[in-house]
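Q: structural data only, the sequence is not supplied:
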(Lines give C-alpha, C1' and ligand atoms only; values in the text may rest on other atoms or scores of the structure.)
Protein backbone atom coordinates (compact mmCIF):
# COMPACT_ATOMS: atom_id res chain seq x y z
CA UNK A 1 0.00 0.00 0.00
CA UNK A 2 0.96 3.63 -0.29
CA UNK A 3 3.15 5.13 2.36
CA UNK A 4 3.13 8.63 3.79
CA UNK A 5 3.45 11.23 1.05
CA UNK A 6 4.50 14.85 1.37
CA UNK A 7 4.27 17.72 -1.06
CA UNK A 8 6.12 19.60 -2.29
CA UNK A 9 9.38 17.68 -2.01
CA UNK A 10 11.29 20.96 -2.18
CA UNK A 11 10.19 24.50 -1.46
CA UNK A 12 12.28 27.61 -1.91
CA UNK A 13 10.85 30.85 -0.61
CA UNK A 14 11.94 34.32 0.36
CA UNK A 15 12.21 35.62 3.87
CA UNK A 16 8.87 36.96 5.08
CA UNK A 17 6.71 34.81 2.79
CA UNK A 18 4.01 32.33 3.83
CA UNK A 19 4.33 28.61 3.04
CA UNK A 20 2.14 25.55 3.35
CA UNK A 21 3.47 22.01 3.52
CA UNK A 22 1.14 19.06 2.96
CA UNK A 23 1.13 15.56 4.40
CA UNK A 24 -0.98 12.58 3.26
CA UNK A 25 -0.79 9.87 5.93
CA UNK A 26 -1.27 6.16 5.43
CA UNK A 27 -4.97 5.43 4.98
CA UNK A 28 -6.64 4.51 8.27
CA UNK A 29 -3.91 5.94 10.49
CA UNK A 30 -5.50 8.11 13.15
CA UNK A 31 -2.31 9.61 14.57
CA UNK A 32 -0.20 12.10 12.62
CA UNK A 33 3.03 13.83 13.61
CA UNK A 34 5.20 16.64 12.27
CA UNK A 35 8.94 16.79 12.92
CA UNK A 36 11.63 19.19 11.78
CA UNK A 37 15.16 18.05 10.91
CA UNK A 38 17.87 20.64 10.64
CA UNK A 39 21.21 19.89 8.99
CA UNK A 40 23.31 17.55 11.11
CA UNK A 41 20.53 16.95 13.61
CA UNK A 42 17.97 14.28 14.33
CA UNK A 43 14.28 15.05 13.81
CA UNK A 44 12.65 17.24 16.45
CA UNK A 45 8.99 16.88 17.39
CA UNK A 46 6.67 19.73 16.42
CA UNK A 47 3.04 18.62 16.79
CA UNK A 48 0.86 15.55 17.12
CA UNK A 49 -2.71 15.04 15.94
CA UNK A 50 -5.11 12.40 17.14
CA UNK A 51 -7.94 12.52 14.61
CA UNK A 52 -8.75 16.14 13.81
CA UNK A 53 -7.45 17.70 16.99
CA UNK A 54 -3.94 18.78 17.87
CA UNK A 55 -3.32 16.72 21.01
CA UNK A 56 0.16 18.14 21.61
CA UNK A 57 1.62 21.22 19.91
CA UNK A 58 4.37 21.76 22.46
CA UNK A 59 7.13 21.46 19.85
CA UNK A 60 5.99 24.33 17.64
CA UNK A 61 8.78 26.92 17.98
CA UNK A 62 6.56 30.03 17.97
CA UNK A 63 3.22 31.37 16.82
CA UNK A 64 4.36 31.68 13.21
CA UNK A 65 3.87 27.92 12.96
CA UNK A 66 0.42 26.38 12.77
CA UNK A 67 -0.92 23.02 11.61
CA UNK A 68 -4.37 21.70 10.78
CA UNK A 69 -5.97 18.36 10.03
CA UNK A 70 -9.61 19.29 9.36
CA UNK A 71 -10.96 15.91 8.28
CA UNK A 72 -8.67 13.66 10.27
CA UNK A 73 -6.59 12.63 7.27
CA UNK A 74 -4.50 15.14 5.30
CA UNK A 75 -2.57 17.69 7.36
CA UNK A 76 -1.09 21.05 6.42
CA UNK A 77 1.77 22.73 8.26
CA UNK A 78 1.63 26.49 7.79
CA UNK A 79 4.51 28.87 8.40
CA UNK A 80 3.95 32.62 8.36
CA UNK A 81 6.61 35.30 7.85
CA UNK A 82 9.29 32.73 7.15
CA UNK A 83 12.81 33.31 8.47
CA UNK A 84 16.13 31.90 7.29
CA UNK A 85 16.29 29.83 10.46
CA UNK A 86 13.15 27.96 9.36
CA UNK A 87 15.18 26.26 6.62
CA UNK A 88 15.10 22.52 7.34
CA UNK A 89 13.50 19.26 6.24
CA UNK A 90 9.96 18.97 7.55
CA UNK A 91 8.99 15.34 8.12
CA UNK A 92 5.51 13.97 8.57
CA UNK A 93 4.76 10.59 10.14
CA UNK A 94 1.64 8.59 10.86
CA UNK A 95 0.76 5.62 13.03
CA UNK A 96 -2.30 3.41 13.37
CA UNK A 97 -3.04 4.85 16.80
CA UNK A 98 -1.17 7.06 19.25
CA UNK A 99 -0.22 3.93 21.21
CA UNK A 100 1.34 2.19 18.24
CA UNK A 101 5.09 2.09 18.64
CA UNK A 102 5.69 2.30 14.89
CA UNK A 103 5.60 5.68 13.20
CA UNK A 104 5.90 5.65 9.41
CA UNK A 105 7.71 8.64 8.02
CA UNK A 106 7.27 10.40 4.71
CA UNK A 107 10.22 11.56 2.61
CA UNK A 108 9.96 15.11 3.91
CA UNK A 109 9.74 18.58 2.41
CA UNK A 110 13.03 20.45 2.17
CA UNK A 111 12.28 24.11 2.91
CA UNK A 112 14.85 26.73 1.98
CA UNK A 113 14.27 30.33 3.03
CA UNK A 114 16.47 32.77 1.14
CA UNK B 1 16.91 19.67 23.47
CA UNK B 2 18.59 16.42 22.47
CA UNK B 3 18.67 14.04 25.44
CA UNK B 4 20.39 11.22 23.56
CA UNK B 5 24.10 11.18 22.78
CA UNK B 6 25.15 9.16 19.75
CA UNK B 7 28.70 8.23 18.88
CA UNK B 8 30.59 8.37 16.72
CA UNK B 9 29.05 11.23 14.76
CA UNK B 10 30.68 10.04 11.51
CA UNK B 11 32.03 6.63 10.51
CA UNK B 12 33.60 5.65 7.19
CA UNK B 13 34.63 2.03 6.70
CA UNK B 14 35.39 -0.48 3.97
CA UNK B 15 32.97 -3.15 2.81
CA UNK B 16 33.28 -6.28 4.93
CA UNK B 17 34.35 -4.55 8.14
CA UNK B 18 32.42 -4.73 11.41
CA UNK B 19 31.28 -1.66 13.35
CA UNK B 20 29.44 -0.59 16.47
CA UNK B 21 27.59 2.66 17.11
CA UNK B 22 26.32 3.83 20.47
CA UNK B 23 23.38 5.67 22.00
CA UNK B 24 23.62 6.94 25.57
CA UNK B 25 21.54 8.95 28.00
CA UNK B 26 21.69 9.98 31.63
CA UNK B 27 17.99 9.05 31.92
CA UNK B 28 16.37 5.65 31.95
CA UNK B 29 14.43 4.76 28.82
CA UNK B 30 11.11 2.98 28.92
CA UNK B 31 11.89 1.86 25.40
CA UNK B 32 14.29 2.79 22.64
CA UNK B 33 14.14 2.60 18.87
CA UNK B 34 16.77 2.52 16.13
CA UNK B 35 16.09 4.00 12.70
CA UNK B 36 18.02 4.23 9.44
CA UNK B 37 17.59 7.27 7.22
CA UNK B 38 18.84 7.42 3.64
CA UNK B 39 19.37 10.70 1.77
CA UNK B 40 16.09 12.27 0.67
CA UNK B 41 14.02 9.83 2.70
CA UNK B 42 12.40 9.74 6.11
CA UNK B 43 13.69 7.52 8.92
CA UNK B 44 12.71 3.84 8.75
CA UNK B 45 12.24 1.89 11.97
CA UNK B 46 14.68 -0.99 12.40
CA UNK B 47 13.92 -2.23 15.91
CA UNK B 48 12.31 -1.40 19.26
CA UNK B 49 13.99 -2.58 22.48
CA UNK B 50 12.12 -2.56 25.76
CA UNK B 51 13.74 -4.87 28.31
CA UNK B 52 17.09 -4.15 30.00
CA UNK B 53 19.75 -6.52 28.66
CA UNK B 54 17.68 -7.33 25.60
CA UNK B 55 19.46 -8.37 22.41
CA UNK B 56 17.71 -8.37 19.04
CA UNK B 57 19.12 -9.48 15.71
CA UNK B 58 18.05 -8.36 12.27
CA UNK B 59 20.15 -10.20 9.70
CA UNK B 60 23.65 -8.68 10.08
CA UNK B 61 22.49 -6.07 12.61
CA UNK B 62 22.58 -6.77 16.35
CA UNK B 63 20.90 -4.37 18.77
CA UNK B 64 21.61 -4.39 22.50
CA UNK B 65 19.80 -2.54 25.28
CA UNK B 66 21.86 -1.89 28.40
CA UNK B 67 20.92 -3.59 31.66
CA UNK B 68 20.13 -0.23 33.26
CA UNK B 69 18.16 0.89 30.18
CA UNK B 70 20.30 4.01 29.77
CA UNK B 71 22.31 2.95 26.74
CA UNK B 72 22.08 0.93 23.57
CA UNK B 73 24.36 -0.23 20.80
CA UNK B 74 24.01 -1.29 17.20
CA UNK B 75 26.58 -3.69 15.78
CA UNK B 76 26.81 -4.39 12.05
CA UNK B 77 28.72 -7.44 10.86
CA UNK B 78 30.38 -7.50 7.43
CA UNK B 79 29.08 -4.08 6.42
CA UNK B 80 27.89 -3.57 2.85
CA UNK B 81 27.52 -0.38 0.79
CA UNK B 82 23.75 -0.74 1.17
CA UNK B 83 24.17 -0.15 4.92
CA UNK B 84 25.22 3.43 4.21
CA UNK B 85 22.94 5.94 5.90
CA UNK B 86 22.20 7.94 9.04
CA UNK B 87 21.52 5.73 12.04
CA UNK B 88 19.30 7.38 14.62
CA UNK B 89 18.26 6.25 18.06
CA UNK B 90 15.05 7.59 19.54
CA UNK B 91 13.33 7.49 22.89
CA UNK B 92 9.59 7.06 23.11
CA UNK B 93 8.02 9.63 25.41
CA UNK B 94 5.03 9.37 27.67
CA UNK B 95 2.03 7.69 26.04
CA UNK B 96 4.41 6.53 23.34
CA UNK B 97 3.70 9.18 20.74
CA UNK B 98 6.53 11.69 21.09
CA UNK B 99 9.86 10.55 19.71
CA UNK B 100 13.05 12.24 20.90
CA UNK B 101 15.94 11.54 18.54
CA UNK B 102 19.68 11.68 18.91
CA UNK B 103 21.78 13.48 16.29
CA UNK B 104 22.63 10.23 14.60
CA UNK B 105 25.70 8.45 13.29
CA UNK B 106 26.39 8.99 9.59
CA UNK B 107 27.80 5.70 8.26
CA UNK B 108 29.52 5.38 4.90
CA UNK B 109 30.49 1.93 3.68
CA UNK B 110 32.93 2.11 0.78
CA UNK B 111 33.01 -0.69 -1.81
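A: Cool, got the structure. The model shown is predicted, which means the values in this text are computed figures rather than measured ones.
Q: quick one: low-confidence residue ranges for the chain.
A: Going with chain A. For chain A, the stretches with pLDDT under 70 are A:1.
Q: let me rephrase: I mean chain B.
A: For chain B, the stretches with pLDDT under 70 are B:1-2, B:94-96.
Q: residues from it in reach of chain A?
A: Applying Cβ under 8 Å from any Cβ of the partner chain, one finds that chain B approaches chain A through B:2, B:4, B:31, B:33, B:40-45, B:48, B:88, B:90, B:92, B:95-104. Heads up, the C-betas are built off the backbone N, CA and C, glycines and all.
Q: go again using 7 Å as the cut-off
A: Counting by Cβ under 7 Å from any Cβ of the partner chain, chain B comes close to chain A at B:2, B:40-43, B:45, B:48, B:88, B:92, B:95-99, B:101-104.
Q: of these, buried ones?
A: Listed as buried from the residues of chain B next to chain A are B:42-43, B:45, B:48, B:88, B:92, B:96-99, B:101-104; burial here means 16 or more other Cβ atoms under 10 Å in any protein chain shown.
Q: gap between the closest residue to residue A:26 other than its chain neighbours and chain B?
A: Among residues not flanking residue A:26 along the chain, residue A:94 sits closest, at 5.2 Å (Cβ to Cβ, 6 or more residues apart in numbering or on different chains). Distance, residue A:94 to chain B, using Cβ to the nearest Cβ, to the nearest Å: 11 Å.
Q: where does residue A:94 fall, secondary structure wise?
A: Using DSSP states H and E, residue A:94 sits in strand A:88-95.
Q: show me which residues of chain A sit near chain B.
A: Residues of chain A lying near chain B by Cβ under 7 Å from any Cβ: A:31, A:40-43, A:45, A:48, A:56, A:91, A:98-99, A:101-103, A:105-108.
Q: what's the burial count for residue 91?
A: Picked chain A for this. By other Cβ atoms under 10 Å in any protein chain shown, the residues close to residue A:91 number 26.
Q: you answered for a different chain; I wanted chain B.
A: Neighbours of residue B:91 (other Cβ under 10 Å): 21.
Q: same question, residue A:63
A: Residue A:63 is flanked by 7 other residues according to other Cβ under 10 Å.
Q: swap in residue B:83?
A: Residues lying near residue B:83 (other Cβ under 10 Å) number 18.
Q: contacts for the lengthiest strand in chain B?
A: Counting residues, the longest strand found in chain B (DSSP state E) is strand B:85-92. Applying Cβ atoms under 7 Å, 6 or more residues apart in numbering or on different chains, the contact partners of strand B:85-92 are A:42, A:101, B:3-4, B:6, B:21, B:23, B:29-38, B:43, B:72, B:74, B:99-102, B:104-107.
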